[in-house]
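*Asks:* Provided below for reference: sequence and predicted model.
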Amino acid sequence: MDRELLRQCLTYHGASLLDKLKCEQTENPDFQAVVSDLSKATSESKGEEQGKPLVEQFIARKADILFCPTWKIATCQKEGHVEEEEEAAEPYATMPPLELFMEVSYEERRSMLYRDLERGDIVVGRINNIREYGFFLTLLCMAGGLTRDVEDLELSALCHIREIPTTGNHDDPLSYYQIGDFIRAGVKDIDRYQEKITVSLHQASLSSNFEHIKLGVITREELPVHYSRSVRAANDSSETYEYILKSCHGYHNPSVVDYLLEKVGITDTHPPSMMRGLQSKLFQEEDFASAIRKKQSASWALKCVRAGVDHFKHGRHVEAMNEYNKALEIDTNNVEALVARGALYANKGSILKAITDFELALESCPDHRNAKKYLCQTLVERGKQLEEQEKLVTAEGLYRRALALDDSNPEAQEALHKISDTIQKSIRLREEVLAKEQVKAKTSQTSADKLRKILKEEKRMKKKRKRSASSSSSCSVSIKSSSSSSSSSSRRTSKKKKKKHRRSEHRHKRHRRISSRDSRRSEEGKSEEVRKDKDEDEVEWYPAPPNTSATFLNQKGGPGFVVRDEEEVEEKDAEEKRICRLYSLSAASENEESDSSRKESKRRDREASWTKKRSSMSRSPERERSRSRERRDKNGERGKEYNRRNSDTSRRRSSGENSRRRVSCSSADSEYSRKSSVRSEYSGNTGSASKHSDNRMRCDLSKRNSLDGGRYEVRGKRENFEAEVKSDSKRSESTGNHKPSGVTSAAGERPKKELPANLLDIFNQIAQFEKEKAVGPKK
Amino acid sequence: MEGPSSRVPSTQHGGLWPSGGRDLCEETESDPARDMKTHFRVCRFIMETGVKLGMRSVPVATACVLYHHFFERVNIHAYEPYLVAMSCVYLAGKVEEQHIRTRDIINVSHRYFNSGSPPLECDKEFWDLRDSVVQCELLILRQLNFHVSFESPHKYLLHYLLSVRALLNRHAWSRTPVAETSWALLRDCYHGTMCIHHKPQHIAIATLYLALNSYGVELPVGERQWWQVLCEDVTEADIDTVISDLLQLYDMEAKCI
């Protein structure tokens, strides 16, 4: 109980109230604690009986509420913040001071003002005297902090010259002020005994609520509204309080009650009441409308879900879906409805929709067992779909998610195991290829020079073939790498007829290193893309695949791929396919996010690239070749750089591998940059992997068209690939486009099986020759 | 009353309304006293419902005023008071621009009468109740001749509070919960018919007067009393009447609830 308040009350009402209090509040321990104090207070009281036993009875009965410290909910409102806008818009009726109407005596008002005026209040006055040390104001009214009628109180306030802000000129600051000016000033000090007020024009003198109010000279129009109203009321006796109140715009403001409640500090959501049965502590949260509605919606929705499940069990899927949707309309995010609808979607094959529903359900209820179970199953299902579409990393991510939901799910475990095997193998393969590329890059730096040298040498030593061949094995390798497709290389060396033999040797070697060559090609295409990307966005610079080879190698460390014999060619092919699949998945994951509109745009893209490709075909091969050679040199360097980075990123990745989010994120990152590589890779592979002669033809054609993974060619191939993967109809269309220009060359027929028997002999010869050549440099 | 709206007898929803049973035990009392208690209870119901529905003070007050005006014109036994109260809440929401949905009104009321019960099913009973509320709203409108807008004392009280605050020392004011007390008293006065028998200004002044009195706050005295200034035609006797009416309601609380 608020002792001070109670004492104040008792002082006012006298001893009779105390008696009633003692009688009514006998069981209130709070009152018993303060009662001894209070008897003293009543003895000090004026003794005059207020003569209202009913009121006293009321106070006594409700004392526990009235004097409860928590009853005072209104916090001391810092008004004044909005005072100025208030006056302009007048959200409530700004009334003249009440004492004006009450005609309180001069002395009482004067003493009340000196009692209540505080530092930081704002007063408005008129200058009546200017001295060298400052000027004097006759106070007209209050403008903030206190609303009192002061005009006739003959109050004078001094504004010292120090309290007048200087403008920076050397003029006397007082010269700006004239007698009769209206001045708004902040109260600096009040001497209550000698009744002296000093004011200041410095903004700092104001209390923080009024900081925005400008001090200084004001016009008559800027005088406070209540002042002008009180002037009018003082002059016209018909202007009563009630009359002014009702004539104010603010009184008719429809939200005046809400505004003033806030201003006074009363809450209307937990309204106060003196009734015992309406104390806000008696209201329970679950009885409130919103709580019941929520509960009711859930139960209504559940009813619909039950009906839906019933329909579903009887095979009436449409009706079931209608019920579920109705349930979700009643109660958005109803967990059961979401789960049931998700299950129905999954049943109907709309796996993505199902996943969304399950996820939503788990969002609002993370421990829902069925939602978890179903989501897990659906994710695995989706993963298998993706796997079929060769989007391996995405599929892997899904499996991981599934396992995160339910780590004992055997299906998910198995699927994950399988897919990580696949990915790991392909990654290892790629790593290796990259490593080779790095080696190559070193040599190919000067490959152009070397090539020229070699050519000269070879010319000189036409007849001594062996010696010319032994010039440098690394050099020959570099040639190989550059002349990826022999049809073009044949043209390059067309003047040297003697080269033919060597070329066949190359071809032989090429068979042995199909994979390396292909990936090399891809690297070239890739790094070209990368170069572009780099300009655009440094950050997206070719991140490593999400699952680092390092971890996988550590796990397995099995058979190396370093040594390869001709017998392994078959296996390599298979390996390659897997690489392609791995690569293709980045392209595919792009597909995944795509909706129909994106597909549409892609198709348009493709068409565009077809035309581009055709135009590139018409270019002179010579130019193309020289350009590509330059490119290749650069690419060598880039490849190295890439490798370095790659290993860096892969190391980083391996540390955070277990974080699923990170992985998926990284796969998304890499998607962009890897895309190009994927596609070129695939293009290199089509010849061997594809069973369609059309494809081969296309492949050959583009090979002939540009030397190495030139951008246009790669693009074209990519489009082939996409067309193939996506829709058969599209593929047939694109191949149809291409057929007429297709010119087959012997070089395109790489697959071993198709080699004529007599070539094998030649190969054998070459193999022998190579051995000798390898020995050559050591001599 | 003729017409379809009069077919909202209290018997229709006997299952929901407990009042029939409660009233029986008080038959020994005289009719006016019993009716007063019934109104008190129903108004308490309106206020509790208002709080649970998140209604502001003015719409709740309007609902009570609608209720009292309605039963000034009709016999309390002709209509089910709680149904009328529900419709009054609904109508007051419309009048005071704080629309309350019938579903919420029905839900909260149902829980008021069957505390701890699960929410109503979306079945015929629910829709019947909803129809009753809407029908009864029409009945009220016709009974009141579509005069449903009333001047509320709330605005007066708040303006008075500001004016009186200016008279006092700000520290004394912030120490004394006059605003809360007067607001509580104003809300409580809607428990009885006093809210429609007194002028809103008088009610506002009386609640403020009682609040100031309760804390022993003394205002400066001039030629005229502060309440005389606030309202020209109020007399000390008026204030006393309002206060005694109000205090009677507090006594009644102990008797009825």
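*Replies:* All right, it came through fine.
*Asks:* pretty sure A:Asn334 is touching A:Lys303, no?
*Replies:* No - look at A:Asn334 against A:Lys303 with C-beta atoms under 8 Å: they stay out of range, at 10.8 Å. From N, CA and C alone the C-beta is placed, and that goes for glycine too.
*Asks:* which one's more surrounded, the two?
*Replies:* Higher neighbour count among A:Asn334 and A:Lys303: A:Asn334, with 26 against 17, using other C-beta atoms under 10 Å in any protein chain shown.
*Asks:* for that one, which non-adjacent residue is closest in space?
*Replies:* A:Ala301 (4.2 Å; C-beta to C-beta, 6 or more residues apart in numbering or on different chains).
*Asks:* element containing that neighbour?
*Replies:* Assignment of secondary structure by DSSP states H and E places A:Ala301 within helix A:289-313.
*Asks:* list the buried residues in whichever helix or strand comes after that helix.
*Replies:* The first helix or strand that comes after helix A:289-313 along the chain, using DSSP H and E, is helix A:317-330. Across helix A:317-330, burial judged by 16 or more other C-beta atoms under 10 Å in any protein chain shown covers A:320-321, A:323-324, A:326-328, A:330.
*Asks:* who are the contact partners of A:Leu5?
*Replies:* The contact partners of A:Leu5, by C-beta atoms under 8 Å, 6 or more residues apart in numbering or on different chains, come to A:66-67, B:175-176, B:215.
*Asks:* so which of those residues belong to helices?
*Replies:* A:66, B:175 (DSSP state H).
*Asks:* before we move on, back to that, any shared contact partners between A:Asn334 and A:Lys303?
*Replies:* By C-beta under 8 Å, 6+ apart, A:Asn334 and A:Lys303 have these common neighbours: A:Ala327.
*Asks:* ok, of the buried residues of helix A:317-330, which one's closest to B:Ser152?
*Replies:* Comparing the buried residues of helix A:317-330 against B:Ser152 with C-beta to C-beta places A:Ile330 closest, at 36.8 Å.
*Asks:* tell me which residues touch that closest one, please.
*Replies:* Shown in contact with A:Ile330 (C-beta under 8 Å, 6+ apart): A:297, A:300-301, A:304.
*Asks:* from A:Lys294, how far off is it?
*Replies:* Separation of A:Ile330 from A:Lys294 (C-beta to C-beta, to the nearest Å) stands at 11 Å.
*Asks:* and for whichever residue of the stretch 151-257 of chain B sits closest to chain A, nearest residue in space, chain neighbours not counted?
*Replies:* When scored by C-beta to the nearest C-beta, the stretch 151-257 of chain B has B:Gly216 as its residue closest to chain A, at 2.7 Å. Nearest residue to B:Gly216, sequence neighbours excluded (C-beta to C-beta, 6+ apart): A:Tyr12, at 2.7 Å.
*Asks:* same check, this time on A:Glu319
*Replies:* A:His311 is the one closest to A:Glu319 (C-beta to C-beta, 6+ apart), at 4.1 Å.
*Asks:* surely that neighbour meets A:Lys326?
*Replies:* No - in this structure, A:His311 is not within contact of A:Lys326 by C-beta under 8 Å, at 11.5 Å.
*Asks:* coming back round to it: separation between the residue of the stretch 151-257 of chain B closest to chain A and A:Val187?
*Replies:* Distance, B:Gly216 to A:Val187, by C-beta to C-beta: 30 Å.
*Asks:* try A:Leu362
*Replies:* Noted for A:Leu362: a distance of 63 Å to A:Val187, by C-beta to C-beta.
*Asks:* how about A:Asp236?
*Replies:* The spacing between A:Asp236 and A:Val187, counted by C-beta to C-beta, is 31 Å.
*Asks:* helices and strands around the helix or strand hosting A:Val339, which ones?
*Replies:* According to DSSP H and E, A:Val339 maps onto helix A:335-348. For helix A:335-348, the contact count by 3 or more C-beta pairs under 8 Å, 6 or more residues apart in numbering or on different chains; DSSP states H and E identifies helix A:289-313, helix A:317-330, helix A:351-364, helix A:369-388 as packing neighbours.
*Asks:* where does the nearest residue to A:Thr240 once chain neighbours are set aside land in three-state SS?
*Replies:* In space, and not counting its chain neighbours, A:Thr240 is closest to B:Glu232: 5.9 Å by C-beta to C-beta, 6+ apart. Three-state assignment for B:Glu232 (DSSP: H, G, I helix; E, B strand; the rest coil): coil.
*Asks:* and B:Glu232, how many neighbours?
*Replies:* B:Glu232 has 11 nearby residues by other C-beta under 10 Å.
*Asks:* B:Gly54 too?
*Replies:* 14.
*Asks:* so who does the residue nearest to A:Pro272 when sequence neighbours are not counted touch?
*Replies:* Nearest non-adjacent residue to A:Pro272, counting by C-beta to C-beta, 6+ apart: B:Ala184, 3.9 Å away. Residues in contact with B:Ala184 (C-beta under 8 Å, 6+ apart) are A:271-274.
*Asks:* tell me the pLDDT of B:Ala184.
*Replies:* With respect to pLDDT, B:Ala184 has a value of 92.
*Asks:* phi, psi of it?
*Replies:* Phi and psi for B:Ala184, reported as degrees, to the nearest 10, are phi -60, psi -40.
*Asks:* what ranges of the stretch 451-600 of chain A fall below the confidence cut-off?
*Replies:* The model of the stretch 451-600 of chain A has pLDDT under 70 over residues A:463-600.
*Asks:* I meant to write the stretch 51-200 of chain A there.
*Replies:* Scanning the stretch 51-200 of chain A for pLDDT under 70 picks out the ranges A:51, A:73-88, A:168-170.
*Asks:* tell me where it has strands.
*Replies:* A:122-131, A:134-144, A:156-160, A:182-191, A:196-200 (DSSP state E, counting those that start in this stretch).
*Asks:* out of those, flag the one nearest B:Arg130.
*Replies:* strand A:134-144 (52.8 Å).
*Asks:* quick check: pLDDT value at the residue nearest to A:Cys68 when sequence neighbours are not counted.
*Replies:* In space, not counting the residues next to it along the chain, A:Cys68 is nearest to A:Met1; the distance is 6.8 Å by C-beta to C-beta, 6+ apart. A:Met1 is assigned a pLDDT of 71 by the prediction.
*Asks:* secondary structure class for the residue in chain A that chain B sits nearest to?
*Replies:* Proximity of chain A to chain B (C-beta to the nearest C-beta) peaks at A:Tyr12, 2.7 Å away. Secondary structure, three-state DSSP: A:Tyr12 is helix.
*Asks:* what's the neighbour count on residue 64?
*Replies:* No chain specified, so I'll use chain A. So A:Asp64, with other C-beta under 10 Å, has 16 neighbours.
*Asks:* wrong one, I was asking about chain B
*Replies:* B:Cys64 has 29 neighbours, counted by other C-beta under 10 Å.
*Asks:* and the helix or strand containing it with chain A, contact?
*Replies:* Per DSSP H and E, B:Cys64 falls inside helix B:57-73. Yes - for helix B:57-73, a contact with chain A is found by C-beta under 8 Å from any C-beta of the partner chain, at B:57-58.
*Asks:* just checking, what packs against that helix?
*Replies:* When contacts are defined as 3+ C-beta pairs under 8 Å, 6+ apart, helix B:57-73 sits against helix A:256-264, helix B:31-52, helix B:81-95, helix B:124-143, helix B:153-167, helix B:178-188, helix B:194-197.
*Asks:* looking at those helices, spot the one closest to A:Arg61.
*Replies:* Among the helices and strands packed on helix B:57-73, helix B:178-188 comes nearest to A:Arg61, with 13.3 Å by C-beta to C-beta.
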